[in-house]
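In: Kindly generate the corresponding structure for this input.
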Amino acid sequence: MGSPLHSWQVTPKQAIAIQSALRSRVVLNPPPRPVRTVAGIDVSYDAETATMIAGVVVLNLADLSLLEYATAVTPATFPYVPGLLSFREIPAVLLAFRKIKSRPDCLICDGQGIAHPRRIGLASHLGIWLGLPTIGCAKSVLVGEFAPPGVKRGSRSFMTDRGDRVGVALRTRDHVKPVFVSPGHQMTIARAAELVLDCCTRFRLPEPTRRAHLLVNSVRIGLRNQRSKTGRASVAVKRKK
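Out: Alright, predicted model coming up:
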């Protein structure tokens, strides 16, 4: 699952220094092997218990059929800081990733790749850690200016930041808001956009991350329902006394 690159028990200032040190390891070449399986990764935060719920869903790229999935629940140990999302979410993702049996050919993350102030968003950071091709597919922009893409599916426009092309605004359905795709690691902008489109069906979001999102939300709701039932049971016992 890759060799540890650093500790996750760091301050925001230390996290920024780690990002700056790791950014030179990001590779923006095409994936080294054909992409046949794609994993989607998403993380949900349960505010009631201050826990992170990570989900990994692995699909067959050819027909987007489900191959396997895994989840993990762990305490949140890093605050929410824009630009440092990887330090908050990746520890939970790694726990979930350890549970899957296959090694996907590519990962799509609900977050940024190089479309990031230091060019190392969650997708890039995770790709370096795991040694796998990764793509960031975000619902909103962190950095980058772009012209609105055409209204038809597949239309795209480059996102630029401080003179660098960092990704594309990509229309995945006709007349629907674009998503913001950036290469994470072992990936190019063009290939990232192609793979995201290949993974989109009837929805705006690619199936791997859409299903991962549904998975982590179902776990979070299940945990809340379980806590609610336990609380009601405790109240009932006290009343009997």
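In: what comes up buried for the helix ranked longest in the chain?
Out: Assignment by DSSP state H gives helix 207-240 as the longest helix of the chain. The neighbour-count check on helix 207-240 (16 or more other C-beta atoms under 10 Å) flags 207-213, 215-216, 219-220, 223 as buried. Just so you know, the C-beta spots here come from the backbone N, C-alpha and C atoms, and that holds for glycine as well.
In: for stretch 110-128, same thing?
Out: 110-116, 118-128.
In: again with stretch 60-74
Out: Within stretch 60-74, the residues that qualify as buried are 61, 64, 69-73, counting by 16+ other C-beta under 10 Å.
In: and it, how far out from the chain's middle?
Out: Distance, stretch centre to chain centre, for stretch 60-74: 13 Å (C-alpha atoms, centre = their mean, to the nearest Å).
In: who touches that stretch?
Out: Contacts with stretch 60-74, where a contact means C-beta atoms under 8 Å, 6 or more residues apart in numbering, come from 35-38, 51-59, 91-93, 95-97, 99-102, 105, 195, 198-199, 201, 207, 211-212, 215-216, 219, 223.
In: Following element in sequence after the helix or strand hosting Gly184, please.
Out: Counting by DSSP states H and E, the element that carries Gly184 is strand 179-185. For strand 179-185, the following helix or strand on the C-terminal side (DSSP H and E) is helix 189-198.
In: show me where this protein has helices.
Out: With DSSP H as the criterion, the chain has helices at 12-22, 85-97, 122-130, 189-198, 207-240.
In: what's the least confident stretch among the ones you listed?
Out: Here the lowest mean pLDDT among the helices of the chain goes to helix 207-240, at a mean of 80.
In: Was I right to think Pro149 contacts Phe158?
Out: No. The criterion here is C-beta atoms under 8 Å, and Pro149 misses it with Phe158 at 9.6 Å.
In: Need the overlap of contacts for the two.
Out: Val168.
In: will you turn the helices of the chain into JSON lines that also has distance to Val181?
Out: JSON lines is the format used below for the helices of the chain (distance: least, C-beta to C-beta, whole Å):
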{"stretch": "helix 12-22", "distance to Val181": "20"}
{"stretch": "helix 85-97", "distance to Val181": "17"}
{"stretch": "helix 122-130", "distance to Val181": "10"}
{"stretch": "helix 189-198", "distance to Val181": "5"}
{"stretch": "helix 207-240", "distance to Val181": "11"}
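In: Any idea which of those helices gets closest to Val43?
Out: Judged by C-beta to C-beta, the one of these that comes nearest to Val43 is helix 85-97, at 4.2 Å.
In: what does the closest one rub up against?
Out: 1, 8, 10, 15, 19, 41, 43, 52-56, 70-74, 76-81, 111-112, 120-122, 125-126, 129-130.
In: roughly how far is that helix from the heart of the chain?
Out: 9 Å.
In: Stretch 24-36 too?
Out: For stretch 24-36, the distance to the chain centre is 17 Å (C-alpha atoms, centre = their mean).
In: Can you give me the buried ones in that stretch?
Out: Neighbour-count burial for stretch 24-36 flags 26-28, 31, 35 (criterion: 16+ other C-beta under 10 Å).
In: buried set for stretch 130-141?
Out: Buried residues in stretch 130-141 (16+ other C-beta under 10 Å): 130, 132-138, 141.
In: if we can go back for a sec, just the buried residues of stretch 60-74 now: which is nearest Ile189?
Out: Ranked by distance to Ile189 (C-beta to C-beta), those are led by Leu61 at 18.9 Å.
In: what's the neighbour count on the nearest residue to that closest one once chain neighbours are set aside?
Out: In this structure, Leu61 finds its nearest non-sequential neighbour in Val38, 5.2 Å apart by C-beta to C-beta, 6 or more residues apart in numbering. Neighbour count of Val38, defined by other C-beta atoms under 10 Å: 27.
In: What separation do you get for Val38 and Ile18?
Out: 27 Å (C-beta to C-beta, to the nearest Å).
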